[in-house]
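Asker: just the structure for this:
(one chain, ligands or ions: 2)
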Amino acid sequence: MLKQFKALLVMVYINIDVAGGSMALIWNETFNIGIKSIDQQHKEINEYFSKLNEAISNKKSKEQIDPIITRLIECMITHFHIEETYFDLIKYKDASEHIKEHGDLRIKVASFYNSYTKGKSVISFEILEYYSTLLLNHFKSHDLKYAPFLIQNGIK
Ligand SMILES: [Fe+2]
Ligand SMILES: [Fe+2]
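Answerer: Numbering: from 1, shown residues only. Ligands and ions are numbered 1, 2, ... in the order given. The predicted structure is shown next:
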């Protein structure tokens, strides 16, 4: 039971900063998958979620928030592309399943972004929590699976 609870805590690693009245996404070294360049990209994506969280907390304008969202999506798309290039390079056996996961995430993010740019959706703590959890759980589960194969092939 305790083991299951601990596993759940690891999977849902969003820390809630109750004192600040808002959610705060805090990166923790245990989220690393062991490949420096990839961990750096994951960390950068997480940092953009934190910046958005801060911007919402400080009631920043749409003009101030928009570039952060754009940059977050760019980082995410570039990161997926880098991983998929590595899969090709090392002929990763589970590439198609992983690429499908990326596809699903791209569709979800694109759907929110389209709705947001048309003024039909707003960015909120709940939206941030939903997308950051989706992405961070992807890093922690799917990305962790390919790490040993990349390391075996000398990718750091
Ligand atoms: Fe990743
Ligand atoms: Fe991935």
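Asker: next, the residue most central in space within the chain: phi, psi?
Answerer: Closest to where the C-alpha atoms of the chain average out (C-alpha atoms, centre = their mean) is Leu135, at 3.3 Å. Here is the backbone geometry of Leu135 (degrees, to the nearest 10): phi -70, psi -50.
Asker: quick one, phi psi at Ser141?
Answerer: Dihedral angles of Ser141 (phi, psi; degrees, to the nearest 10) stand at phi -100, psi -70.
Asker: tally of neighbours for it?
Answerer: Residues within reach of Ser141, counting by other C-beta atoms under 10 Å, total 11. C-betas here are computed from N, CA, C, even on glycine.
Asker: ok, Asn153 - contacts?
Answerer: Going by C-beta atoms under 8 Å, 6 or more residues apart in numbering, Asn153 touches 89-90.
Asker: now swap in Ile90 and tell me
Answerer: 149-150, 152-153, 155.
Asker: surely Gly154 forms part of a strand?
Answerer: No. If the criterion is DSSP: H, G, I helix; E, B strand; the rest coil, then Gly154 is coil and not within a strand.
Asker: name the next helix or strand downstream of the top helix by length along the chain, please.
Answerer: Taking DSSP state H as the criterion, the chain has its longest helix at helix 62-90. Later in the chain than helix 62-90, the nearest helix or strand by DSSP states H and E is helix 95-117.
Asker: what does the chain have sitting close to ligand 2?
Answerer: Contacts of the chain with ligand 2, taken as C-beta under 5 Å from the ion, map to 83, 143.
Asker: low-confidence ranges, the chain, go.
Answerer: The model of the chain has pLDDT under 70 over residues 1-25.
Asker: quick one on the thing from earlier: just want the angle from the longest helix of the chain to helix 95-117.
Answerer: Comparing the axes of helix 62-90 and helix 95-117 via axes from the mean of the first three to the mean of the last three C-alpha atoms, to 10 degrees yields an angle of 170 degrees.
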